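Visitor: Just to be clear, the model below is a prediction. Sequence and coordinates:
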Amino acid sequence: MRALILALVSVLVLAGPGRADDAEVLQTLERARLIGYWADDCKLPASEENRWTTILPGRDGVVRSSETSGSWTSVYRIVEAAILPNGDLAMKMVWEGDGMAHDIVYRIEGDRFRVWASTKLPAGRKLVVDGVVTSSGRPNAWSSRCPN
């Protein structure tokens with residue numbers, strides 16, 4: 001399974017800097033049921049212990065993922081998205097802070113997801129492997145769908 005995920009993420013990497021049509025990305029994220037608001041605990045505000053993620057299209061049609069955890073917010077433009085055969089979602093995201101691209105795989109189970117794999121490009125630095133954060137060795141938290 002890990003080899004399949006890595007192969008499919010590699011396809012996104014090899015696709016180069018070009019990006020999919022924003023409407024196509026939105027359709028893929030809608031099929032994956034990821035458009036909306038997500039949190040580790042929807043009853044609590046964003047904090048260092050409770051990350052919030054908002055995945056929505058902007059007025060410009062671009063789908064962005066905004067991650068808030070306490071005092072910081074990171075905004076990523078989702079430029080490619082593909083649903084993998086096992087139901088996971090592979091995406092190429094570009095951080096609007098420094099323009100660095102990341103290949104991300106979300107593991108989706110019902111109304112929750114977690115980052116299953118994350119690679120910072122172009123160096124290929126692995127940030128998350130098999131749902132485990134490489135810097136801490138801890139499993140990445142699940143985020144649940146929150147009411148709008």
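Guide: Received the coordinates, thanks.
Visitor: residue boundaries of the helices in the chain?
Guide: For the chain, the helices defined by DSSP state H cover 2-14, 22-31.
Visitor: Out of those helices, which gets the lowest mean score?
Guide: Note on the helices of the chain: helix 2-14 shows the lowest mean pLDDT, a mean of 44.
Visitor: Identify the bridge partners of the closest residue to residue 41 other than its chain neighbours.
Guide: Nearest residue to residue 41, sequence neighbours excluded (CB to CB, 6 or more residues apart in numbering): residue 50, at 5.3 Å. Bear in mind the C-beta positions are built from the backbone N, C-alpha and C, glycine included. Beta-bridge partners recorded for residue 50 (DSSP bridges): residue 47.
Visitor: doesn't residue 42 make contact with residue 50?
Guide: No. Here residue 50 lies out of contact with residue 42, judged by CB atoms under 8 Å, at a distance of 9.2 Å.
Visitor: between the two, which one's more packed in?
Guide: residue 50 (18 against 14; other CB atoms under 10 Å).
Visitor: State the distance from that one to residue 69.
Guide: Using CB to CB, to the nearest Å, one obtains 8 Å as the distance from residue 50 to residue 69.
Visitor: Looking at the residue most central in space within the chain now. What's its pLDDT?
Guide: By CA atoms, centre = their mean, the chain has its centre lying nearest to residue 104, at 5.3 Å. At residue 104, the model reports a pLDDT of 96.
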